[in-house]
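Asker: show me the folded form of this:
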Amino acid sequence: QVQLVESGGGLVQAGDSLRLSCAASGRTFSNYAMGWFRQAPGKEREFVAAISLSGRNTYYTDSVKGRFTISRDNAKNTVYLQMNSLKPEDTAVYYCARHYGGRYDYTTSYDYWGQGTQVTVSS
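Answerer: Model (predicted):
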């Protein structure tokens, strides 16, 4: 059983930064790509970013390119999401997930999910 635990969310003002962390249990973390998704109230869960097994390849949705950076530390079984220049439209619950196959931007390509961490950006 894999457990993913997100942390680092909070209430910030527009233009501020936050760094989310996702700690994974188990010894197979480095065997999987990882992703971040977010879900705002009344909206579907949407893809934010993904990172390959080694961390060499990263993928972003257009709305966060240049502002968010995904990274991972396989020695610590942790994936990060550095979020800069936050905007009110970034307000959502952010989830990390383990990718098992298929397109990175599809929720169905992920088999384990964390419980989420709330990010609120005030204007």
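Asker: sec struct for the residue positioned nearest the centre of the chain, please.
Answerer: Against the mean C-alpha coordinate of the chain, by C-alpha atoms, centre = their mean, the closest residue is residue 36 at 2.4 Å. Taking DSSP: H, G, I helix; E, B strand; the rest coil as the rule, one finds residue 36 in the strand state.
Asker: and the nearest residue to it once chain neighbours are set aside, its phi and psi?
Answerer: Nearest non-adjacent residue to residue 36, counting by C-beta to C-beta, 6 or more residues apart in numbering: residue 48, 4.4 Å away. In short, each C-beta sits where N, CA and C put it, glycine included. According to degrees, to the nearest 10, the main-chain angles of residue 48 amount to phi -120, psi -50.
Asker: please begin residue numbering at 2 from this point
Answerer: Yep, numbering from 2; the last one is residue 49 now.
Asker: list the contacts of residue 49.
Answerer: 36, 37, 38, 39, 61, 62, 65, 69, 82, 95 (C-beta atoms under 8 Å, 6 or more residues apart in numbering).
Asker: state the helix or strand in which the last one lies.
Answerer: Element membership for residue 95, per DSSP states H and E: strand 93-100.
Asker: which residues does that strand contact?
Answerer: Residues outside strand 93-100 that contact it (C-beta under 8 Å, 6+ apart): 3, 5, 7, 10, 21, 23, 25, 33-41, 44, 46, 49, 51, 80, 82, 108, 110-120.
Asker: start to end distance for stretch 40-59?
Answerer: This stretch, stretch 40-59, spans 20 Å end to end (C-alpha to C-alpha, to the nearest Å).
Asker: re the thing from before, can you redo the contacts of residue 49 as JSON lines with distance to residue 76?
Answerer: Formatted as JSON lines, those follow (distance: C-beta to C-beta, whole Å):
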{"residue": "36", "distance to residue 76": "20"}
{"residue": "37", "distance to residue 76": "20"}
{"residue": "38", "distance to residue 76": "25"}
{"residue": "39", "distance to residue 76": "27"}
{"residue": "61", "distance to residue 76": "24"}
{"residue": "62", "distance to residue 76": "28"}
{"residue": "65", "distance to residue 76": "26"}
{"residue": "69", "distance to residue 76": "23"}
{"residue": "82", "distance to residue 76": "18"}
{"residue": "95", "distance to residue 76": "23"}
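Asker: perfect, that will be all.
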